[in-house]
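In: No letters, just coordinates:
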């Protein structure tokens, strides 16, 4: 039976670590991820790939700041559009190469995706979304002083810049994604969570300076196109409670009700695992069937049910 699968690949699928961030390093990392996706993929299924762009947007903004006395600066919406194109291109080429090795005849299409947000969303006044690379305390102080960035500690790995992160309300290109899937193509969409826009009283769209959470946007797209499986690829093979403590417990199979109780108990870090768990819950509560969370390397085994955290409704 044909299934529709959405896989949201995270930053570790694009940049391995802070010592390997060059364009060549990114190509190598994307190629490895696409190999894992191709190994997982059944050509009879319909596949959508979404991706993050936090480090890449951070690089563009940093270059922009350093060059502001020479060239105009670059707003966040253009950064989002640029990285949807560049990362989409990398995924297209690497996945096409993997398909060719396996004799899979599939076209791959990248869709520059806009996402409607509420102009009055509290995210605009309370920036929470980490973007860019991690910095130590001294680097953070320098960036705050020189560029006026808002910085927060992120998951005990250092400090990152935070920007507005409104909740996604509607995927404008969702119908286009469905049509392209119907043609038999693999689709890359909602890169970086999509470009945030608001709609005025006349129906015209206007960009907003923000970054939408990639996993929440992916969950909305998955629910909108009625995906059968929503996969969140991240840095850990399984979700865990009591993470990084002697009491750590990995979760194999879990329900929405159980996850909500774990959230109340504070098991998932904001800016790290918590948004992924919230995205899984939103997808399932909006008609979704199943969520899998695992690493890129474990995708094939996870979809067979042999690893990963599998989440279903109550």
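Out: Yep, it's here. All values derive from a computational prediction rather than experimental measurement.
In: Check which helices and strands the helix or strand that residue 282 is a member of is in contact with.
Out: Assigned by DSSP states H and E, residue 282 falls within helix 274-285. Counting contacts by 3 or more C-beta pairs under 8 Å, 6 or more residues apart in numbering; DSSP states H and E, helix 274-285 packs against helix 214-224, strand 229-233, helix 256-264, strand 290-294, strand 309-312. Where you see a C-beta, it was placed from the backbone N, CA and C, and this is true even at glycine.
In: How many neighbouring residues does the residue lying closest to residue 88 once chain neighbours are set aside have?
Out: Leaving out its chain neighbours, the residue that sits closest to residue 88 by C-beta to C-beta, 6 or more residues apart in numbering is residue 110, at 3.2 Å. Look at residue 110: counted by other C-beta atoms under 10 Å, it has 20 neighbours.
In: In contact with residue 110, which residues?
Out: 84-85, 88-89, 91-92, 187-189, 191 (C-beta atoms under 8 Å, 6 or more residues apart in numbering).
In: Could you rerun that using 7 Å?
Out: Applying C-beta atoms under 7 Å, 6 or more residues apart in numbering to residue 110 gives the contacts 88-89, 92, 188.
In: Can you check which of the helices and strands packed on helix 274-285 gets nearest to residue 61?
Out: The closest of those to residue 61 is helix 214-224. By C-beta to C-beta, the value is 17.1 Å.
In: Other residues contacting that closest one?
Out: Residues from elsewhere that reach helix 214-224, judged by C-beta under 7 Å, 6+ apart: 6, 8, 50-52, 115, 167-168, 171, 174, 177, 189-190, 192-194, 230, 232, 275-276, 278-279, 282-283, 286-288.
In: Return a selection command, for use in PyMOL, containing the buried ones of those.
Out: With 16 or more other C-beta atoms under 10 Å as the criterion, this PyMOL line picks the buried residues out of the contacts of helix 214-224:
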select buried, resi 6+8+50+51+52+115+167+168+171+174+177+189+190+192+193+194+230+232+275+276+278+279+282+283+288
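In: ok so, going back, which two of the contacts of residue 110 have the greatest separation?
Out: Checking these with C-beta to C-beta, the most distant pair is 89 and 188, at 9.2 Å.
In: what secondary structure does residue 139 sit in?
Out: At residue 139, secondary structure determined by DSSP: H, G, I helix; E, B strand; the rest coil is helix.
In: Near it, how many other residues are there?
Out: Neighbours of residue 139 (other C-beta under 10 Å): 14.
In: what's the nearest residue to it if we skip its chain neighbours?
Out: residue 159 (7.6 Å).
In: How about residue 143?
Out: Nearest non-adjacent residue to residue 143 (C-beta to C-beta, 6+ apart): residue 149, at 5.1 Å.
In: ok but that neighbour is inside a strand, no?
Out: No: read with three-state DSSP, residue 149 is coil and lies in no strand.
In: Can you pull the phi/psi pair for it?
Out: phi -70, psi 150 (degrees, to the nearest 10).
In: which residues touch the residue nearest to residue 139?
Out: Residue 159 is in contact with 134-135, 137, 140, 151-153, counting by C-beta under 7 Å, 6+ apart.
In: Go through the one helix or strand residue 143 maps to and flag the buried ones.
Out: Using DSSP H and E, residue 143 sits within helix 137-147. For helix 137-147, a neighbour-count test (16+ other C-beta under 10 Å) marks 140, 143 as buried.
In: Need the mean per-residue confidence for that helix.
Out: On average, the pLDDT along helix 137-147 is 87.
In: The helix or strand following that helix pairs with which strands, and in what direction?
Out: Downstream of helix 137-147, the first helix or strand assigned by DSSP H and E is strand 151-153. According to DSSP bridges, strand 151-153 forms sheet pairs with strand 159-163 (antiparallel).
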